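A.B. asks: Quick one: sequence plus predicted model below, questions after.
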There are 2 protein chains.
Amino acid sequence: MTEFHSIIAETGAPYGDPIPVHGLGDVATACRAAEGAFDIYRATGKEERARFLDRIAEEIMTLGDALIEAAMRESGLPRARLEGERGRTVGQLRMFADVVRKGLWQQLRIDPALPDRQPTPRPDLRLRMIPVGPVAVFGASNFPLAFSTAGGDTASALAAGCPVIVKGHPAHPVTASLAAQAISTAVAACGLPAGVFSQIVGPSHELGAALVQDPRIAAVGFTGSRAGGLALVRLAQARAVPIPVYAEMSSINPVLLLPEALRARGAALGTAFVGSLTMGAGQFCTNPGLLIAIDGEGLDAFIASATNGVAAALSQTMLTPGIRDAYVSGVVALADHADVETLASGDAGEGTRGGAILFQTTAQAFLADPHLAHEVFGASSILVRCADADEVMALIARLEGQLTATLHMDTADEPLAGRLLPQLERKVGRILANGWPTGVEVCHAMVHGGPFPATSDSRTTSVGSLAIDRFLRPVSYQNLAPSILPAELRDDAKGDGSPRLIDGTLTLS
Amino acid sequence: MTEFHSIIAETGAPYGDPIPVHGLGDVATACRAAEGAFDIYRATGKEERARFLDRIAEEIMTLGDALIEAAMRESGLPRARLEGERGRTVGQLRMFADVVRKGLWQQLRIDPALPDRQPTPRPDLRLRMIPVGPVAVFGASNFPLAFSTAGGDTASALAAGCPVIVKGHPAHPVTASLAAQAISTAVAACGLPAGVFSQIVGPSHELGAALVQDPRIAAVGFTGSRAGGLALVRLAQARAVPIPVYAEMSSINPVLLLPEALRARGAALGTAFVGSLTMGAGQFCTNPGLLIAIDGEGLDAFIASATNGVAAALSQTMLTPGIRDAYVSGVVALADHADVETLASGDAGEGTRGGAILFQTTAQAFLADPHLAHEVFGASSILVRCADADEVMALIARLEGQLTATLHMDTADEPLAGRLLPQLERKVGRILANGWPTGVEVCHAMVHGGPFPATSDSRTTSVGSLAIDRFLRPVSYQNLAPSILPAELRDDAKGDGSPRLIDGTLTLS
């Protein structure tokens, strides 16, 4: 295959001109260019690198409506959502520019020499974080802007000082190409080597595999399916030099409806739940795919309201025919399950459209069959009805790792919440109260991560400023003369704004 | 097998009473106890946890000379070395107590709610690091105190709030048992659950494998051989829930003798090199196993002096018969290699003793055969003679990952050092100038780590305060009421001494 077509999500018709497919030679060329650019790019100062990130944001805005238009066509997502996603994309580039300027990511540490220490003198030791090397980023289908070509993985890797090679998602090649063009324009405008950023496109898995296997690649960022993420992890581990893969994969995001909250506002919670469930056709990593509650009147009110809401929900265009097919299969398997009851389903839609659906089962049935806990990507959720708090505890204990857990609770629920919290902390990356897991804030205190299989590395996040740490590693310098020490570790660099841990004491600049 | 004997390193004779071998049931019991203790232990406050670490240090000193005596018998290492190692062991426990008190490891982050933000309000988000869960630690043979039962991995995991299960090294079971007793005494004295610390002993690999495979274990610390480390990594990756293994494995620690330094003090460098090479019978992860230099008069003076030193070196008792056998095989393979010349060898010794040896080869030969770059654990080193600086650069570019790289240099060598530094940074965890890699300072700016195969995870260190990060992961809390928020994230906790990143700005307490 030498070219492929983008597809209009809503109609399945081809979109735009045919797109040339990259080959294995292009992967090698991009990796060589990234390797060649690495030492130059990582030597950029904080301000220079920050300006580059700001410039990418600017160039994305300069693309104007063409970018929104392309993303709408290719993803089937509505304008308002994509305009919001663009805001998030440029916002996170600017946040990383700010993070780079502030320098906390450098983790500068200085232990001055103690020449008179007994029995042996202490040498002078200084530590900084350095970028790991060229990073491969896999664009996600469900966030054509914020998690794709110019998304969070790319922004955080570039902020760390790593050249980036994106494997553009084949579901939105035109959008990806526009975003890549914006980044490359910024690269050129900032006088950086072209190899700082490249994009590879094509529909086959072969290209992505070759990218992960290239010895010049030092780390991988991925958002997508569990099967896809695990395949990349295996490839990365089988290399002569294994590398880290940061794969954000699979989560059903348990929502716990605690008794007093249900009693106080069961119906309102039902309505709000349907809003979170159906947003973006349910195609969010943080979609509320699992509801957990104790039987009672409050739950009945919730069910009545959620059932009405789901039944009234309109179908929506899904991202790709493949995602729609997988969604339908997942839903059918649940509907056909002997221990699962379908509470309500909305307009199912035709072609590439998918509808909302709500199931229910018992805690016993849910615990008996691990398949019931598998993610169904789309607007499907399952309510697990528990007899009492102990059953809720048992359920949580058996859950796999998740991105989020949500507690709907009132003050009177606090004793139960207090019991649940230590368990939930061990299962998830983010715990939220009285809200919905969809809508992930890009900020400093965000964790969009979690224990396996939510991600392949629970020590990290793919959203928020902490994401930069994924692409850094520490190096220590012992007794180096100031003339050859990295500039930020010299004594005369103090006061440059970066925090420093000096002899174990944190100083602010 | 139900019991085994400790062995006196020097004589091979049995030492002390027979030691009962643990079984798989004991592994499960220890893991269950660790899991049961986890929530209680991780809830300890900073001061309580710090006092526990201090208490372990105290209890180790209380063991008195019995500990030193046992370690001398079992390792063959001399008294002064082991007394120094004990100082290091209690020093690092106290350092981690200090680290726990200061709270930087918590990485507290608070992004307050912005209810009036447009187009959507920002929720309240707060982040802290939590311990990952029970940690398995594999004691190292070559540091019976500082890298074993109560060593750096144990200290950093306990500091992070993780219960620890040590697989005691079978080469020093009596020493391990004394250290375990000290820790357990501290556990009881501090009123902590006994499951906070356990030790499993026995000569078979089966016990260690079962420990890594137990679903309650959340991370692994290991110092030892490349084969051993990689075996644990494979086990950990094959689990239903893969876990991180921090294995410090293999390093030959290149020492670059730059021309002007050689010219100025070639002979003195040769003498100092032999001191570093033969210390502790060369049984250090940071032993200088590779010398790299450009031909010339200065190098001739270095060779003459190093050759004399090695020839005069006395043999020393090695840690175990197995290590001695592996050392002899490694040395014989190098001596028999067609492209390798033996420059000098000292008294080879008999029985469990090993002698020093120095080889030389050319850059071309070294690059042609990767076996020449494999670690020979013991007092063996190979000098690679290069024709010019370009050959040195080519050699560095081809090296595997290392713990350290050393530059012996004068001011006039700075241009060459400047060329080498970016390359060295990509290969190692610590770069030192005008010293020797043996002797790893326990401090805040230390990195005892490095790219594969020096370690299995280049983002970490196993020595120094940064080692605590290996056993922590971030959790974010969104809109939680103060009454159920973790105490350190509440507004009223500000001023408790822990630094906080508030809305992106670092504040000191």
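C.D. replies: Right, received. Where do you want to start? Numbers count the residues shown, from 1 in each chain, chains lettered A, B, ... in the order given.
A.B. asks: Kindly tell me how buried A:Glu350 is, as a neighbour count.
C.D. replies: Using other Cβ atoms under 10 Å in any protein chain shown, A:Glu350 is surrounded by 7 other residues. Glycine gets a C-beta too; all of them are placed from N, C-alpha and C.
A.B. asks: before we move on, what about A:Arg324?
C.D. replies: Around A:Arg324 there are 21 residues (other Cβ under 10 Å).
A.B. asks: What of A:Ala189?
C.D. replies: 14.
A.B. asks: wait, what's in contact with A:Thr406?
C.D. replies: A:Asn253, A:Pro254, A:Val255, A:Leu256, A:Pro288, A:Ile431, A:Leu432, A:Ala433, A:Gly435, A:Trp436, A:Pro437 (Cβ atoms under 8 Å, 6 or more residues apart in numbering or on different chains).
A.B. asks: CSV for those, including pLDDT and distance to B:Val174?
C.D. replies: Shown next, in CSV, are the contacts of A:Thr406 (pLDDT from 0 to 100; distance: Cβ to Cβ, whole Å):
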residue, pLDDT, distance to B:Val174
A:Asn253, 98, 51
A:Pro254, 98, 49
A:Val255, 98, 54
A:Leu256, 98, 51
A:Pro288, 97, 56
A:Ile431, 98, 46
A:Leu432, 98, 52
A:Ala433, 98, 53
A:Gly435, 97, 57
A:Trp436, 97, 58
A:Pro437, 97, 53
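A.B. asks: now, which of the residues you listed lie within strands?
C.D. replies: Among the contacts of A:Thr406, the residues falling in strands (DSSP state E) are A:Pro254, A:Val255, A:Leu256, A:Ile431, A:Leu432, A:Ala433.
A.B. asks: isn't the fourth one right next to A:Gln423, touching?
C.D. replies: No: contact between A:Ile431 and A:Gln423 fails when scored by Cβ atoms under 8 Å: they sit 10.5 Å apart.
A.B. asks: Which one of the two is surrounded by more residues?
C.D. replies: Legend: neighbour count by other Cβ under 10 Å for A:Ile431 and A:Gln423, higher for A:Ile431 (25 against 17).
A.B. asks: check contacts around that one.
C.D. replies: Counting by Cβ under 8 Å, 6+ apart, A:Ile431 touches A:Thr404, A:Ala405, A:Thr406, A:Leu407, A:Leu421, A:Leu424, A:Glu425, B:Val475, B:Ser476, B:Tyr477, B:Gln478, B:Leu480.
A.B. asks: again with A:Phe377
C.D. replies: A:Phe377 is in contact with A:Ser225, A:Gly282, A:Gln283, A:Asn287, A:Ile323, A:Ala326, A:Tyr327, A:Gly330, counting by Cβ under 8 Å, 6+ apart.
A.B. asks: Closest one of these to chain B?
C.D. replies: A:Asn287 (16.2 Å; Cβ to the nearest Cβ).
A.B. asks: Pull the contacting residues for A:Phe143.
C.D. replies: A:Glu85, A:Gly151, A:Thr223.
A.B. asks: If you rank those by neighbours, which is first?
C.D. replies: Going by other Cβ under 10 Å, A:Thr223 tops the contacts of A:Phe143 with 29 neighbours.
A.B. asks: Angles on the backbone of that residue, please.
C.D. replies: Main-chain dihedrals, A:Thr223, degrees, to the nearest 10: phi -130, psi 120.
A.B. asks: nearest spatial neighbour of it, skipping sequence neighbours?
C.D. replies: Nearest residue to A:Thr223, sequence neighbours excluded (Cβ to Cβ, 6 or more residues apart in numbering or on different chains): A:Ala140, at 3.9 Å.
A.B. asks: And for A:His448?
C.D. replies: A:His448 sits nearest to A:Val463 (Cβ to Cβ, 6+ apart), 3.5 Å away.
A.B. asks: just A:Gly346 next, same as before
C.D. replies: Of all residues not flanking A:Gly346 in the chain, A:Ala313 sits nearest, at 3.5 Å (Cβ to Cβ, 6+ apart).
A.B. asks: ok, back up a step: please, which helix or strand holds the residue nearest to A:His448?
C.D. replies: In the assignment (DSSP states H and E), A:Val463 maps to no helix and no strand.
A.B. asks: and the residue lying closest to A:Gly354 once chain neighbours are set aside, how many neighbours?
C.D. replies: Spatial nearest neighbour of A:Gly354, chain neighbours left out: A:Met318 (4.6 Å); criterion: Cβ to Cβ, 6+ apart. Here the number of neighbours of A:Met318 (other Cβ under 10 Å) works out to 32.
A.B. asks: Quick check: mean pLDDT of the longest helix anywhere in chain A?
C.D. replies: Ordering each helix of chain A by length in residues (DSSP state H) puts helix A:79-102 first. Helix A:79-102 carries an average pLDDT of 97.
A.B. asks: Just confirm yes or no for it near chain B.
C.D. replies: Yes: interface with chain B: helix A:79-102 contributes A:Gly84, A:Asp98, A:Val99, A:Lys102 (Cβ under 8 Å from any Cβ of the partner chain).
A.B. asks: Run the chain-centre distance for that helix.
C.D. replies: With Cα atoms, centre = their mean, to the nearest Å as the basis, helix A:79-102 stands 14 Å off its chain's centre.
A.B. asks: Could you do stretch A:235-254 as well?
C.D. replies: Put simply, stretch A:235-254 sits 13 Å off its chain's centre (Cα atoms, centre = their mean).
A.B. asks: Stretch A:333-352 too?
C.D. replies: Using Cα atoms, centre = their mean, the offset of stretch A:333-352 from its chain centre is 28 Å.
A.B. asks: which residues are contacting that stretch?
C.D. replies: Contacts for stretch A:333-352 (Cβ under 8 Å, 6+ apart): A:9-12, A:76, A:278, A:303, A:306-308, A:310-318, A:320-321, A:324, A:354-362, A:365, A:368-369, A:371-372, A:376, A:380, A:382-383.
A.B. asks: Quick one: end-to-end distance for that stretch.
C.D. replies: Counting by Cα to Cα, to the nearest Å, you get 19 Å between the two ends of stretch A:333-352.
A.B. asks: buried residues in it?
C.D. replies: Across stretch A:333-352, burial judged by 16 or more other Cβ atoms under 10 Å in any protein chain shown covers A:Leu334, A:His337, A:Val340, A:Leu343, A:Ala344, A:Ser345, A:Gly346, A:Gly349, A:Thr352.
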